[in-house]
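Q: Quick check, what structure comes out for this input:
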Amino acid sequence: MVEPLIAAVRNGDAQVVDTLLRAGADPDTADEHGTPALCLAVEAFDLPMVETLLAASARPDRADALSRTPLLRAIEMGACDITNLLVGRGAHMWIKDAEGRDALALARHWHETDLVAELRRKSGRQGPVDRSAVSSDSGFVCEQLSLGSLTVRTGHAAILTNLERSYGIATPFDELLSRALAEPDVDHEVWWATTATLSGRHGPTTWNAAVALRDRPDPLERYFGAEVIRLMNLFDESDDAPFDGPLADLFLPWVASEPDPRVTRVLTAGLVDTPDPRRERPLTILTRHIDSKVRQTALSGLHCPIERGDHEALSAAVERTKDEDAAVRRQACRALAFAPTHDQGATDALVTCLTDPDEDIRVEAAVRLALRDDPRGDEILDSLYPADEESPY
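A: This next block holds a predicted model:
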């Protein structure tokens with residue numbers, strides 16, 4: 001008979017698992033093959049289940065019958081988010097698999113492995129490999145490859161990059177750039193892993209290497225350089241904010257001439273993150289950019305001029321309440337909440353949004369009106385579930 005906890009983990013039933021654990025079930029329960037519940041959750045790419053079991057004190061280093069710990073199994077399968085979680089919860093990186101490879105060596109092996117060939121070798125099948133895009137809870141994407149009963153994800157480059165940082169290895173800039181460029185989707189998790197790694201190196205060498213990519217013909221190289229610079233500034237905790245001025249000096253002329261929307265998104269986000277007042281006029285212009293994500297991000301950086309009652313910034317936000325993209329309209333509502341209370345144009349625009357076809361925007365407008373002591377959105381708010389008494393809404 002299958003243990004109830006094992007059955008619930010296999011079914012992905014987090015509620016049942018939580019109930020069983022609260023009732024005293026052993027989080028280290030293993031199945032009939034000697035595979036612990038935590039390994040089963042890893043093999044299902046079930047990050048919430050892994051979190052639940054770890055929270056119940058499941059041992060992060062308990063191996064299966066093949067001497068594979070949950071961490072080693074996550075690395076094999078290319079599960080970057082689960083690997084990061086296990087390392088963060090204290091999983092030992094120096095435990096070795098049956099071939100004598102620790103976490104770093106195993107990650108490097110899989111990074112250098114042809115995943116399709118490996119799936120065919122292990123499954124004994126030669127048919128087509130099923131491919132699908134999957135998203136992590138962090139919002140990053142990767143590709144999932146399946147053949148028969150075997151499944152892997154393309155997170156190995158990101159895993160290797162993160163583990164190198166944990167091992168104290170400073171991987172060269174060009175190597176990290178190559179890993180990112182191997183995945184053309186900038187939302188792939190390797191782009192975050194590589195650029196975030198480089199952003200922690202605050203010296204001029206990394207800054208200059210990133211700046212040098214500005215004039216590359218490949219927009220992906222420009223994206224990489226801009227993102228490294230943006231993150232260096234964003235994550236810097238120095239009191240003197242040494243990157244604010246140089247970033248504005250670089251990004252202001254760059255954003256005016258950048259043709260690729262993906263790169264423009266990064267440049268816009270970088271300008272939003274810096275307090276340099278020179279950004280306000282370009283951000284106002286960027287609220288009319290062809291790319292909706294650029295428009296949305298630019299609006300998020302106009303709070304200060306809107307709060308001052310700047311006519312151009314206010315007009316731009318009011319205009320975007322009629323944007324074709326719902327996310328932009330919602331951001332416009334948030335921006336208008338900063339307008340002076342006497343600004344009738346901002347208030348009227350929020351009132352108009354109370355009839356938006358998108359419910360989220362209607363609620364957003366109602367909330368912003370309530371914060372301005374305007375009761376015209378109260379009917380919408382009253383129709384929602386009761387809010388906590390401590391809620392400002």
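
Q: So for the lowest-mean-pLDDT helix or strand in the chain, what gets flagged as buried?
A: Using mean pLDDT, DSSP states H and E, helix 378-382 stands out as the lowest-scoring helix or strand of the chain, at a mean of 89. Under the neighbour-count criterion of 16 or more other C-beta atoms under 10 Å, helix 378-382 has 380-381 buried. C-beta: built from backbone N, CA, C; applies to glycine.

Q: In PDB, could you pull the C-alpha coordinates for it?
A: The C-alpha trace of helix 378-382 is given here as PDB (Å, rounded to 0.1, in the frame of the first residue of the first chain):
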ATOM      1  CA  ASP A 378     -17.000  53.100  -3.600                       C
ATOM      2  CA  GLU A 379     -19.700  50.900  -5.200                       C
ATOM      3  CA  ILE A 380     -17.000  48.900  -7.000                       C
ATOM      4  CA  LEU A 381     -15.000  48.500  -3.800                       C
ATOM      5  CA  ASP A 382     -18.100  47.500  -1.800                       C
END
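
Q: for it, the distance to its chain's centre please.
A: Helix 378-382 sits 33 Å away from the centroid of its parent chain (C-alpha atoms, centre = their mean, to the nearest Å).

Q: quick one, what contacts residue 325?
A: Residue 325 makes contact with 292, 295-296 under the criterion C-beta atoms under 8 Å, 6 or more residues apart in numbering.

Q: quick one: residue 5 and residue 37 touch, right?
A: Yes. Here residue 5 reaches residue 37: they are 5.8 Å apart, a contact under C-beta atoms under 8 Å.

Q: okay, and the common contacts of these two?
A: Residues touching both residue 5 and residue 37 (C-beta under 8 Å, 6+ apart) are 27, 29.

Q: which of the two has more neighbours?
A: Legend: neighbour count by other C-beta atoms under 10 Å for residue 5 and residue 37, higher for residue 37 (30 against 24).

Q: my read: the more buried one touches residue 30, true?
A: Yes. Between residue 37 and residue 30 there is a contact at 7.2 Å, judged by C-beta under 8 Å.

Q: Return the distance of the host helix or strand of residue 283 from the chain's centre.
A: In this structure, residue 283 sits in helix 280-286 according to DSSP states H and E. In terms of C-alpha atoms, centre = their mean, the centre of helix 280-286 is set 26 Å apart from its chain centre.

Q: Give the buried residues for it.
A: For helix 280-286, by 16+ other C-beta under 10 Å, it's 280, 282-284, 286.

Q: wait, which of the residues you listed is closest to residue 187?
A: Lowest distance from residue 187 to the buried residues of helix 280-286 (C-beta to C-beta) belongs to residue 286, with 20.6 Å.

Q: Could you find the closest non-adjacent residue to the closest one?
A: Excluding the flanking residues, the one nearest residue 286 by C-beta to C-beta, 6 or more residues apart in numbering is residue 298, at 3.8 Å.

Q: helices and strands around the helix or strand the one you found falls within, which ones?
A: Following DSSP H and E, one finds residue 298 within helix 292-300. If you count contacts as 3 or more C-beta pairs under 8 Å, 6 or more residues apart in numbering; DSSP states H and E, helix 292-300 packs onto helix 261-273, helix 280-286, helix 311-320, helix 326-336.
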